[in-house]
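Novice: Here is the input, now give the coordinates:
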Amino acid sequence: MENEISESNKASPSQPMQNLSISPSPQMSLKERFDMIRSIGEECIQEDELERLLANKRPQPICYDGFEPSGRMHIAQGVLKAINVNKLTSAGCKVKIWIADWFAQLNNKR
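Specialist: From the prediction side, this is the model:
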């Protein structure tokens, strides 16, 4: 009995980290990749164009993310941003992050 319990607890150390892999996942279908991107993205100008880009693999879709910092950044914001960027890159996208620090300075958001 004890041996069965210890065997079930011996999961591969990389198993929980598998979903956080940065390399593109070849096992993801086109629909899964599309759904993952759309679950993160708030705006997609042409969904049929996104599907075409994902199917052709070139050029890679470019996803933009941006924010205007208002004070010190909370650790959860950085973790969430990293998770979302990882998901987008795993789905085959390039990610560009825009930080509107100049506008924050203009708006007195220190």
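
Novice: Just give me the longest helix of the chain.
Specialist: helix 75-90 (DSSP state H).

Novice: counting contacts, what elements does that helix pack onto?
Specialist: Helix 75-90 is packed against helix 30-40, strand 62-67, strand 94-99, with contacts defined by 3 or more C-beta pairs under 8 Å, 6 or more residues apart in numbering; DSSP states H and E. Glycine gets a C-beta too; all of them are placed from N, C-alpha and C.

Novice: looking at this structure, which helix or strand does the model trust least?
Specialist: helix 2-8 (a mean of 47; mean pLDDT, DSSP states H and E).

Novice: follow-up on the earlier one: with mean pLDDT and mean neighbour count as added columns, please give the helices and strands packed on helix 75-90 in a markdown table.
Specialist: As requested, these are exported to a markdown table (pLDDT from 0 to 100; neighbours: other C-beta atoms under 10 Å):
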| stretch | mean pLDDT | mean neighbour count |
| --- | --- | --- |
| helix 30-40 | 92 | 15 |
| strand 62-67 | 89 | 14 |
| strand 94-99 | 92 | 12 |
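
Novice: right, and those - which one's nearest Q46?
Specialist: Closest to Q46 of those is helix 30-40 (C-beta to C-beta; 12.3 Å).

Novice: surely K81 meets P69?
Specialist: No. Using C-beta atoms under 8 Å, K81 is not in contact with P69; the gap is 11.9 Å.

Novice: quick revisit: could you give the angle of the longest helix of the chain to strand 94-99?
Specialist: Helix 75-90 runs at 150 degrees relative to strand 94-99, counting by axes from the mean of the first three to the mean of the last three C-alpha atoms, to 10 degrees.

Novice: buried residues in helix 75-90?
Specialist: N84, V85, K87, L88, T89, S90 (16 or more other C-beta atoms under 10 Å).
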